[in-house]
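Q: Fold the following for me, if possible:
(2 chains)
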Amino acid sequence: DAGVTQSPTHLIKTRGQQVTLRCSPKSGHDTVSWYQQALGQGPQFIFQYYEEEERQRGNFPDRFSGHQFPNYSSELNVNALLLGDSALYLCASIYYGWANYGYTFGSGTRLTVV
Amino acid sequence: GNSVTQMEGPVTLSEEAFLTINCTYTATGYPSLFWYVQYPGEGLQLLLKATKADDKGSNKGFEATYRKETTSFHLEKGSVQVSDSAVYFCAPLSAYGQNFVFGPGTRLSVLP
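A: So this is what the prediction gives:
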């Protein structure tokens, strides 16, 4: 979606390597969530970052870690890559207003582990 | 936590046919309910949403009504087009808006 930027769009890594994915949220959005979508499945929640801290985490191992910077952009790091980590990784840009909220997904990074 | 059950696909329809994709959910509290669409090779696009019981979300001819009594949010469209071919995901959003729980998705193929 326009305004949420993820990079790179595609990449190929070798099993055992480490990877870093990046996300820049929409202007005015201060919260970022990451999701993993394996081929043929629905996205699964990895974690959410707010005020540079991990606020909530899904059922993913510690090999998955993240970071949020003061400008609200975020990184997802995956260590010791496994073949099963091959997926589309989606970043969601979020704001929580007083009476409403906005939730916008990026186009994703497709990671292939060989 | 939340969970979602969607009708299994693939669903194959002829152009101008009526579409229904069933979705039921379990949730604590009162989640907001969403339908997302994913076209081949792309990310998720919000199709429609409803934030409270009996609300009807609608967009591009699609609609769904938040049925709290049956915990359902079925997606309907009166006349599908070839361009509607995609995967559709039903997803409740937890009461505090922190994360979605996505169903497995329903693949729709519309034939001319």
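Q: which stretch of helix or strand covers the residue of chain A found nearest chain B?
A: Residue of chain A nearest chain B, by C-beta to the nearest C-beta: A:Gly42 (3.4 Å). C-betas here are computed from N, CA, C, even on glycine. Per DSSP states H and E: A:Gly42 is located in neither a helix nor a strand.
Q: how deep is it tucked in, by neighbour count?
A: A count of neighbours around A:Gly42, defined by other C-beta atoms under 10 Å in any protein chain shown, yields 22.
Q: Contact partners for the residue nearest to it when sequence neighbours are not counted?
A: Counting by C-beta to C-beta, 6 or more residues apart in numbering or on different chains, A:Gly42 lies nearest to B:Phe102, which is 3.4 Å off, once chain neighbours are set aside. Residues near B:Phe102 by C-beta atoms under 8 Å, 6 or more residues apart in numbering or on different chains: A:Tyr35, A:Gly42, A:Pro43, A:Gln44, B:Val4, B:Tyr36, B:Phe89, B:Cys90, B:Ala91.
Q: Does the last one touch B:Val4 like I think?
A: Yes. At 6.6 Å, B:Ala91 and B:Val4 qualify as touching, with contact defined as C-beta atoms under 8 Å.
Q: more neighbours, these two?
A: Higher neighbour count among B:Ala91 and B:Val4: B:Ala91, with 27 against 22, using other C-beta under 10 Å.
Q: So which of the contacts of B:Phe102 are in strands?
A: Among the contacts of B:Phe102, DSSP state E puts A:Tyr35, A:Gln44, B:Val4, B:Tyr36, B:Phe89, B:Cys90, B:Ala91 in strands.
Q: does the fifth one have beta-bridge partners, and which?
A: This points to B:Phe89. B:Tyr36 (DSSP bridges).
Q: Now stretch A:81-97: buried residues?
A: A:Leu81, A:Asp85, A:Ser86, A:Ala87, A:Leu88, A:Tyr89, A:Leu90, A:Cys91, A:Ala92, A:Ser93, A:Ile94, A:Tyr95 (16 or more other C-beta atoms under 10 Å in any protein chain shown).
Q: Kindly apply the preceding question to stretch B:5-17 instead.
A: Per 16+ other C-beta under 10 Å, stretch B:5-17 contains these buried residues: B:Gln6, B:Met7, B:Val11, B:Leu13.
Q: which residues sit in contact with the first one?
A: Listed by C-beta under 8 Å, 6+ apart, the contact set of B:Gln6 reads B:Ile21, B:Asn22, B:Cys23, B:Phe89, B:Cys90, B:Gly103, B:Pro104, B:Gly105, B:Thr106.
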